[in-house]
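A.B. asks: Okay, predicted coordinates and the sequence, questions at the end:
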Amino acid sequence: MFDPKTDRFPYPEYTDRHYLKVNKKYDAEFNAEYPYVDQSKPFERRRRWFRMFLNALVFPVVRVRLGLKIAGRQNPKKYKNVIDGGVISCCNHVHLWDFLAILRAVRPRHPYVLIWAPNINGDLGSEMRLAGGIPIPETGVSATEAMLADVGEMLDAGGWLHVYPEGSMWEYYQPVRPFKRGAAYMACKFGKPLLPMAISYREPGWLRKHIFRQFALFTLNIGEPLYADDSLAGKAREQDLSRRCHEAVCRLAGIAPGDNIYPPLFDDSKRIDYYTTEYGAGYKGSH
């Protein structure tokens, strides 16, 4: 197991907070009327064209730039019958491009992904939507209920939803941060399995390290589906599933769950400075 242990990025005090600055480009309102899962014919045509662009140009760049390897690629095929009924996948969130790595790994399936709402109104918001992005509304209960209704219909039709339960992206961060409740809540609410995934790191060679200033190479590890314990009820059922998913992600990332520095469940969890207290000195944007 390789740990980049970089101090380049300004990891926030709370483990679910964001640090990237998003330039606002659009003014979409993510309310109860917003089409969270847009299945209109014009939009689906644009998505098909965008997938061709991803396959032809973006995925090869992602593979080379991240030094991407995929482990457990057989699991989506092994559990095809399960996934065909709708599935929610989870992964640690450690790079702007890690969802592109997931899209590449699970082809020909086309997952949707829950995305921080400001990103959908940012410079790449249109591309994120075409790649399957669903904004997480921040405007009240009615908007959240509308989003969940759209997601539920998509899952019941055999769709795939990807969730980052850590709540935010921390680049090249090795410990698995505590999970917020959303992924397990939706798995229990809609009766779908959770498919754990994890990014682990490999040490780069001299050329990548010294010429391209790359901190690590990436391996996407795909696990096996997890199911809610029907003997439990309510919040206990949800928390049990979330804990087991967190443990699975740790193992896939090469970390024994007992050795991970964070607990599995988010509780206003703060960053643990496990090797330095200085982060983000001279930070000038995403790597």
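C.D. replies: Sure, I can see it. Numbers count the residues shown, from 1 in each chain.
A.B. asks: Which residues does the host helix or strand of A187 contact?
C.D. replies: Element membership for A187, per DSSP states H and E: helix 182-190. Here helix 182-190 makes contact (Cβ atoms under 8 Å, 6 or more residues apart in numbering) with 86, 88, 90, 114, 148, 151-152, 155-156, 161, 163, 165, 192-194, 228, 237-239, 241-242, 245. C-beta here means a position set from N, CA and C on the backbone, and glycine is covered the same way.
A.B. asks: And what about P108, helix, strand or coil?
C.D. replies: Per DSSP: H, G, I helix; E, B strand; the rest coil, the local secondary structure of P108 is coil.
A.B. asks: can you count the residues close to it?
C.D. replies: If you count neighbours by other Cβ atoms under 10 Å, P108 ends up with 6.
A.B. asks: And it, how close does it get to Y173?
C.D. replies: Going from P108 to Y173 by Cβ to Cβ, to the nearest Å gives 31 Å.
A.B. asks: Repeat that for G133.
C.D. replies: Distance, G133 to Y173, by Cβ to Cβ: 22 Å.
A.B. asks: residues in contact with the residue nearest the centre of the chain?
C.D. replies: In the chain, the centroid-proximal residue (Cα atoms, centre = their mean) is Y164; its distance is 3.5 Å. Remark: with contacts taken as Cβ under 8 Å, 6+ apart, Y164 is in contact with C90, C91, N92, H93, V113, L114.
A.B. asks: again, but for I134
C.D. replies: Taking Cβ under 8 Å, 6+ apart as the criterion, I134 is in contact with Y36, V37, Y112, V113, L114, I115, M147, D150, V151, L161.
A.B. asks: now, which of those residues lie within helices?
C.D. replies: Using DSSP state H, M147, D150, V151 are the members of these that sit in helices.
A.B. asks: nearest to P42, of these?
C.D. replies: Nearest to P42 among the ones in helices among the contacts of I134, counting by Cβ to Cβ, is D150 at 17.4 Å.
A.B. asks: what about N92, neighbour count?
C.D. replies: Using other Cβ under 10 Å, N92 is surrounded by 28 other residues.
A.B. asks: Could you identify the longest helix within the protein?
C.D. replies: Counting residues, the longest helix in the chain under DSSP H turns out to be helix 234-252.
A.B. asks: what sits up against that one?
C.D. replies: 72, 90-92, 165, 176, 178-179, 181, 183-185, 187-188, 194, 196-198, 200, 221-223, 226-230, 232, 256-257, 260, 264-265.
A.B. asks: ok and that helix relative to helix 182-190, angle-wise?
C.D. replies: 130 degrees (axes from the mean of the first three to the mean of the last three Cα atoms, to 10 degrees).
A.B. asks: How far does helix 234-252 sit from its chain's centre?
C.D. replies: 16 Å (Cα atoms, centre = their mean, to the nearest Å).
A.B. asks: With stretch 83-95 instead?
C.D. replies: 7 Å.
A.B. asks: please begin residue numbering at 34 from this point
C.D. replies: In the new numbering, first residue 34, that becomes stretch 116-128.
A.B. asks: That one: which residues count as buried?
C.D. replies: In terms of neighbour count (16 or more other Cβ atoms under 10 Å), stretch 116-128 has its buried residues at I116, G119, V120, I121, S122, C123, C124, N125, H126, V127, H128.
A.B. asks: where exactly do the helices run in the chain?
C.D. replies: Along the chain, the stretches classed as helices by DSSP H are 74-86, 92-99, 107-111, 113-116, 131-138, 150-153, 158-163, 174-189, 215-223, 239, 267-285.
A.B. asks: Name the nearest residue to N108, sequence neighbours excluded.
C.D. replies: I255 (4.9 Å; Cβ to Cβ, 6 or more residues apart in numbering).
A.B. asks: Could you do W130 as well?
C.D. replies: Excluding its sequence neighbours, the residue lying closest to W130 (Cβ to Cβ, 6+ apart) is V95, at 5.5 Å.
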